[in-house]
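Participant: Any chance you could fold what I've pasted below:
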Amino acid sequence: DPPPWAPLAKPLSQCRVALISSGGVYPAASEPFHFRNDSSHREIPLSAGAAELRVSHFGYDTRDAARDPGCVLPLSALRALAAEGVIGSVVDPALSFMGGIYSARLVREELAPRFRDFVLRQKVDLAYLVPA
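Facilitator: Numbers count the residues shown, from 1 in each chain. Below is the predicted model:
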């Protein structure tokens, strides 16, 4: 079956956008992701700069992401879009997880429900998922 797409109920310029990345980005002051089946996530403050972020992921070459976390967690790009009025606002915080989760059960029973609850709690209109 095709994915269950839902049309936007309002213009993009009025939408609250949540940023979710599977790139394994985390704040430098917090704990890195573990290898394999780590179903935890990290909250990334919207104000975080590249120097405040680190990357921990075993599923891809993280050198580019370590140099520029924006390639897997485009915070500054979304902040700019909000400032220009292209999108209404960016939800603070952004969420990041380490996408190397082999267990579908962990994703289905732990990670996905947390993200669903976050999106509902934040009254998100659009979730931007950046796969790594």
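Participant: So which residue is dead centre in the protein?
Facilitator: In the chain, the C-alpha closest to the average C-alpha coordinate belongs to residue 20, at a distance of 1.7 Å (Cα atoms, centre = their mean).
Participant: Tell me which residues touch residue 121, please.
Facilitator: Counting by Cβ atoms under 8 Å, 6 or more residues apart in numbering, residue 121 touches no other residue. In short, each C-beta sits where N, CA and C put it, glycine included.
Participant: Quick check: phi and psi on the closest residue to residue 44 other than its chain neighbours?
Facilitator: Sequence neighbours aside, residue 94 is the residue nearest to residue 44 in space, at 4.4 Å (criterion: Cβ to Cβ, 6 or more residues apart in numbering). Phi and psi for residue 94, reported as degrees, to the nearest 10, are phi -80, psi 160.
Participant: ok so, going back, on the three-state scheme, the residue nearest to the centre of the chain is what?
Facilitator: The three-state label given to residue 20 by DSSP: H, G, I helix; E, B strand; the rest coil is strand.
Participant: again, but for residue 115
Facilitator: helix.
Participant: do the one 4 residues further on as well
Facilitator: At residue 119 the chain is in helix, as set by three-state DSSP.
Participant: So it is in contact with residue 128, correct?
Facilitator: No - using Cβ atoms under 8 Å, residue 119 is not in contact with residue 128; the gap is 11.1 Å.
Participant: Could you name every residue contacting both of the two?
Facilitator: Counting by Cβ under 8 Å, 6+ apart, the shared contacts of residue 119 and residue 128 are residue 18.
Participant: re earlier: let me know the distance separating the residue nearest to the centre of the chain from residue 85.
Facilitator: Look at residue 20 and residue 85: by Cβ to Cβ, to the nearest Å, they are 23 Å apart.
Participant: same deal with residue 3?
Facilitator: As judged by Cβ to Cβ, residue 3 and residue 85 stand 29 Å apart.
Participant: Check residue 110 too.
Facilitator: 37 Å.
Participant: follow-up on the earlier one: which residues are in contact with the residue nearest to residue 44?
Facilitator: Residues in contact with residue 94 (Cβ under 8 Å, 6+ apart) are 18, 19, 20, 21, 43, 44, 46, 73, 75.
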